[in-house]
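> Here is a sequence together with a model predicted from it:
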Amino acid sequence: MTAVIEFFVAACIVIGAVFLFVGSLGLATLPDTMRRLHAPTKATTLGIGALLIASMLYFVLLNGSLGVHEILITLFLFLTAPATAIMIAKAYIFRHRGTQEKLPPSANKAGWATLNKAR
Amino acid sequence: MRERFLPHPLLTGVLALVWVLLVNDFSLANFVFGLLLGLAIAKLTAVYWPGRSRIRNPLAILEYSAVVLWDIVVSNVQVAYLILFRRGDSLKSTFITVPLELTSPEAIATLAGTITMTPGTVSADLSADGRSLLVHCLDTNDPDATVSAIKSRYESRLARIFE
């Protein structure tokens, strides 16, 4: 039984490591900032998620101690990843005139918040 | 009276729960301390969060979480495939506009977060009047299909939860 659990824990760790590696690779090799933003916000979520599942399986089934910190880490990750992504995207749009000209118009012609002066 | 001491009951509850989970010790003392923290923080931040968030349909949150978690797994595999087997320059990346029917700020924030975590899309900006979202797609052949997928898959479910 222990061997089966260890197999699953090891599988989760390997899956997590692969996705974390792909996320970092995308961050390094994609051509521009907006495309690079996709790699760390997604590929790493499943990577961290798989590692946390491995950690929970290990501590609950093999050590017999219930750890809920992993759930909290997942929660905080889901709260913080989109927040940082939107701040980086806003900064990128704000700094690049070429991108600003290519943006599609918003509904109602109100303009995008980053580019509108405060009223 | 209730408005003054308990501006966000839901926030107070969540903060107390998170405190207990952080300490990882389910005793009454910890719960009371978490509740005190929740009351104090909710009171201190009430100025920055004037509205009252309402959740109409708590059960729909479960369905929404399941859909989003599944999409996150699918999107991770898709993005990993694009990164590994496609040249970065050949990806057809583009900005699209998603017109919003949601009005409550909490619902729009949830939608923007969901879009960032799911298949090939990152939310980049909100329009000045809060009626549309700017979304960046990593690789899409049909921007209109992506917009309608976001609206039918996430926005309609969020509308049932929040509005």
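Structure received.

> For the rest of this, base every contact and every neighbour count on C-alpha atoms.
Will do.

> Where does pLDDT dip in chain B?
B:1-5, B:53, B:119 (pLDDT under 70).

> Can you give me the domain boundaries for it?
By the assignment in automatic domain parsing, chain B contains the domains B:2-48, B:58-162.

> deepest of those domains, which one?
Greatest average neighbour count among the domains of chain B goes to domain B:58-162 (a mean of 18), per mean count of other C-alpha atoms under 10 Å in any protein chain shown.

> can you give me the end-to-end distance of that domain?
Counting by C-alpha to C-alpha, to the nearest Å, you get 9 Å between the two ends of domain B:58-162.

> Next one: the host helix or strand of B:Trp19, is it in contact with chain A?
Assigned by DSSP states H and E, B:Trp19 belongs to helix B:9-23. Yes. Interface with chain A: helix B:9-23 contributes B:Val18, B:Leu21, B:Leu22 (C-alpha under 8 Å from any C-alpha of the partner chain).

> can I get the residues you listed in CSV with distance to A:Phe78?
Below are these laid out as CSV (distance: C-alpha to C-alpha, whole Å):
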residue, distance to A:Phe78
B:Val18, 15
B:Leu21, 17
B:Leu22, 17
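
> which residues in chain B form strands?
Secondary structure of chain B (DSSP state E): strands located at B:94-99, B:121-126, B:132-137.

> And the ones you listed: which comes nearest A:Thr80?
A:Thr80 lies closest to strand B:121-126 among these, at 13.7 Å (C-alpha to C-alpha).

> measure B:Arg86 to chain A for me?
Noted for B:Arg86: a distance of 10 Å to chain A, by C-alpha to the nearest C-alpha, to the nearest Å.

> my guess is A:Tyr81 meets A:Thr41, correct?
Careful, residue A:81 is Ala; it's not Tyr. Yes. Using C-alpha atoms under 8 Å, A:Ala81 is in contact with A:Thr41, at 6.0 Å.

> Comparing the two, which residue is more hemmed in?
Ranked by neighbour count (other C-alpha atoms under 10 Å in any protein chain shown), A:Ala81 and A:Thr41 place A:Thr41 first, with 26 against 18.

> Next, the contact list for the more buried one, please.
A:Ala81, A:Pro82, A:Ala85, B:Thr116, B:Met117 (C-alpha atoms under 8 Å, 6 or more residues apart in numbering or on different chains).
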